[in-house]
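K.L.:
When you get a sec, could you give me coordinates for this:
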Amino acid sequence: MRLPVAILLSLISQALWAATQVDVCFNYGCQAQATVEFSETQLDEVAEGLAKARSAEEERQRIAVAVGQLYRAAGVQSPISADRAGNFADQGVYGKMDCIDHSTTTMRLLEVLQARGLLRFHRVAPRERRTSLVLFQHFSAVVEEIQGVASAAATAALPLPDHVPVLMALCDCPAPEAPAESAPRQMPAEAAHGTKFVIDSWFVEQGAPAVVLPLDDWLDGDGPYVP
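P.N.:
Numbers count the residues shown, from 1 in each chain. From the prediction side, this is the model:
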């Protein structure tokens, strides 16, 4: 028996957008990991906030909030709810996180946002490390601004997500005609060399918005004082 198109599309959509799993690190140096799941409801809430960004600067602030939201959700499912800002307030606590745990986990969360097409003004960059007096080092997740994307409207021409052609192929309805401006947009050459910013969740209490700083300032030691 042939399923109605609406039911078929609903089933396909649920399969494609099942709960997203991420491994979070804890107990310093990523010595322990726990797999957490983010529901579509949770990710839709994050997506709604990020979609309101109208500039790269605003998107960075919303990324910081989104990271905090995902950390709070992860804390409900894992020991990282016990984590405190810095490395001293939670010494000896199961679930504590150092900068290696935070930078690794935050990078994974950012990659989820990127994979779902929620980052329009930034791309995820490799983690960065800063050193102080040779003996001390600190790591952070990083995003890179995509230069040339001046407004949210400029991203309207990005290619459709991968799941859309799949849904259309299995749908009995005729494929819509793509408007001329929907052709894939070529990024300018300078887009490959945008300004980088750290998204550092180590500085803050569990679930709070991450600290956002220009990478150069962070490398020079900038950031909140954490006792």
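
K.L.:
show me the biggest helix of this structure in terms of residues.
P.N.:
helix 56-77 (DSSP state H).

K.L.:
after that helix comes which helix or strand?
P.N.:
helix 99-115 (DSSP states H and E).

K.L.:
Tell me the first helix or strand C-terminal of that following helix.
P.N.:
strand 122-132.

K.L.:
That next one pairs with which strands?
P.N.:
Using DSSP bridges, strand 122-132 pairs in its sheet with strand 136-145 (antiparallel).

K.L.:
Next, the buried residues of the partner strand.
P.N.:
138, 139, 140, 141, 142, 143, 144, 145 (16 or more other CB atoms under 10 Å). No exception for glycine: its C-beta is placed from N, CA and C like everyone else's.

K.L.:
now stretch 77-96
P.N.:
78, 79, 80, 83, 84, 85, 86, 90, 95, 96.

K.L.:
Repeat that for stretch 120-140.
P.N.:
120, 121, 122, 124, 125, 127, 128, 130, 138, 139, 140.

K.L.:
Report all helices and strands that the longest helix of the chain contacts.
P.N.:
strand 20-26, strand 32-38, helix 40-51, helix 99-115, strand 122-132, strand 136-145, strand 196-200, strand 211-214 (3 or more CB pairs under 8 Å, 6 or more residues apart in numbering; DSSP states H and E).

K.L.:
if we can go back for a sec, switch the buried residues of stretch 120-140 over to TSV; also include distance to residue 23 and pLDDT.
P.N.:
Shown next, in TSV, are those (distance: CB to CB, whole Å; pLDDT from 0 to 100):
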residue	distance to residue 23	pLDDT
120	26	97
121	27	97
122	23	97
124	16	98
125	20	97
127	15	97
128	21	97
130	25	94
138	22	95
139	17	97
140	19	98
